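Student: Return atomic coordinates for the entry below.
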Amino acid sequence: MLNIFRTTVACALMVLAMTGTAAAGHQDLRSPDARDAADGRGTFSAPAVTVVKVPQPSPASDGGIDWGDAGIGASALLVAVLLGGVISTTALAHRRRRVAYSSPVRLTR
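Tutor: Here you go, the predicted model:
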């Protein structure tokens, strides 16, 4: 009896939560163009466009190479190569070796 009551209460709370969020606010699922057309706005009544020029960054005075960044990239590449070497060496060192077994039977003359 207690399990049925818990299930009923859980279902009732879920239904209330779903209807509460649906009734709380209206979400307009139309595209922005469809909303503009419904409001009477279109290309004929679009607001004026303002053009803004963004200043371009000036190039570095030392030839454009940032040696700090180049050093970081080179050291990262070196670490990657060394890490690959360590991993491959470890994999080769731990692979199974074939052991030549001698025959347990001895032949005597």
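Student: Let me know the average pLDDT across the helix or strand where G73 lies.
Tutor: Using DSSP states H and E, G73 sits within helix 67-93. In this model, helix 67-93 has a mean pLDDT of 92.
Student: cool, and stretch 9-19?
Tutor: For stretch 9-19, mean pLDDT rounds to 80.
Student: outside of that stretch, which residues touch it?
Tutor: By CB atoms under 8 Å, 6 or more residues apart in numbering, no surrounding residue is in contact with stretch 9-19. Backbone N, C-alpha and C define where each C-beta goes, glycine included.
Student: how distant is it from the center of its chain?
Tutor: 34 Å (CA atoms, centre = their mean, to the nearest Å).
Student: go on, stretch 4-24?
Tutor: Computed by CA atoms, centre = their mean, the separation of stretch 4-24 from the middle of its chain amounts to 34 Å.
Student: Spell out the secondary structure type for A17.
Tutor: Put simply, A17 is helix when judged by DSSP: H, G, I helix; E, B strand; the rest coil.
Student: i'd like the first residue to be 533 from this point on
Tutor: Okay, residue one is now 533; in that scheme the one you just asked about reads as A549.
Student: Could you tell me how many residues sit around D568?
Tutor: For D568, the neighbour count with other CB atoms under 10 Å is 15.
Student: try the one 4 residues further on
Tutor: Each residue near G572 was counted by other CB under 10 Å, and the total is 7.
Student: now it: how far from A623?
Tutor: To A623, G572 is 70 Å away according to CB to CB, to the nearest Å.
Student: Over to F576?
Tutor: Distance, F576 to A623, using CB to CB: 70 Å.
Student: Neighbour count for those two, which is higher?
Tutor: Set F576 next to A623 and count neighbours by other CB under 10 Å: A623 wins out with 9 against 5.
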